[in-house]
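In: I'd like to go over a predicted model; first the sequence, then the structure.
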Amino acid sequence: MLSIRRRGHAARVVHDATHAPQLVRHLERCLRTARAISPSDDLARDAVQEALILFWSSEIEPSDVPGWLVRTTVHRALHHSRASSRRARREEFAAAERSELALDDEPTRVLESRELAGQIAHAVARLPDEFRVAFELRELG
């Protein structure tokens with residue numbers, strides 16, 4: 001049941017515990033919707049939780065509560081998805097700028113690369129002429 005309290009000129013809807021069972025019926029649909037959008041199950045659950053918090057703290061009850069919950073869940077899930085993508089791009093960019101992550105100058109990488117190149121050259125040299133020529137032509141372009 002909802003009750004309306006007046007403070008000054010604004011009416012505030014106060015949701016009580018009897019309203020909760022009506023909302024529970026719609027949570028699974030909200031969660032399915034959020035999972036279809038979100039990159040992880042945790043972010044999908046966060047989106048549903050935020051939609052519920054927004055509903056409980058709203059000044060006026062929406063006329064279509066299930067529709068409002070799904071729409072708000074979609075908006076929150078999209079927000080989480082975009083934020084996650086932005087964060088990943090920023091972290092990737094920042095990691096590329098870090099010199100300690102540059103693997104080209106690492107001594108063990110240089111040695112491994114030289115050793116592998118020698119092994120490949122030795123294996124190619126052991127190929128029959130027709131296969132070796134075909135391989136070399138393909139690699140040279």
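Out: Received it, and whenever you're ready, just let me know what you need. Bear in mind that the values here come from a model prediction, so they are computed numbers and not experimental data. Numbers count the residues shown, from 1 in each chain.
In: all strands in the chain, in order from the N-terminus.
Out: In order along the chain, the chain carries the following strands (DSSP state E): 2-7, 10-15.
In: Find the residue at the geometric middle of this structure.
Out: Geometric centre of the chain, nearest residue: residue 39, 3.3 Å, by Cα atoms, centre = their mean.
In: wait, what's in contact with the nearest residue to that residue once chain neighbours are set aside?
Out: Of all residues not flanking residue 39 in the chain, residue 84 sits nearest, at 5.2 Å (Cβ to Cβ, 6 or more residues apart in numbering). Every C-beta, even on glycine, is put in place using the N, C-alpha and C of the backbone. Going by Cβ atoms under 8 Å, 6 or more residues apart in numbering, residue 84 touches 39-40, 43.
In: Just send those residues back as JSON lines, with pLDDT and distance to residue 70 too.
Out: Formatted as JSON lines, those follow (pLDDT from 0 to 100; distance: Cβ to Cβ, whole Å):
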{"residue": "39", "pLDDT": "85", "distance to residue 70": "19"}
{"residue": "40", "pLDDT": "91", "distance to residue 70": "20"}
{"residue": "43", "pLDDT": "93", "distance to residue 70": "17"}
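In: Can you tell me which of these is closest to residue 119?
Out: Of all those, residue 119 sits closest to residue 39, with 40.1 Å by Cβ to Cβ.
In: Okay, that closest one and residue 90: tell me how far apart.
Out: Using Cβ to Cβ, to the nearest Å, residue 39 is found at 15 Å from residue 90.
In: Quick check: pLDDT value at residue 93.
Out: Note on residue 93: pLDDT of 86.
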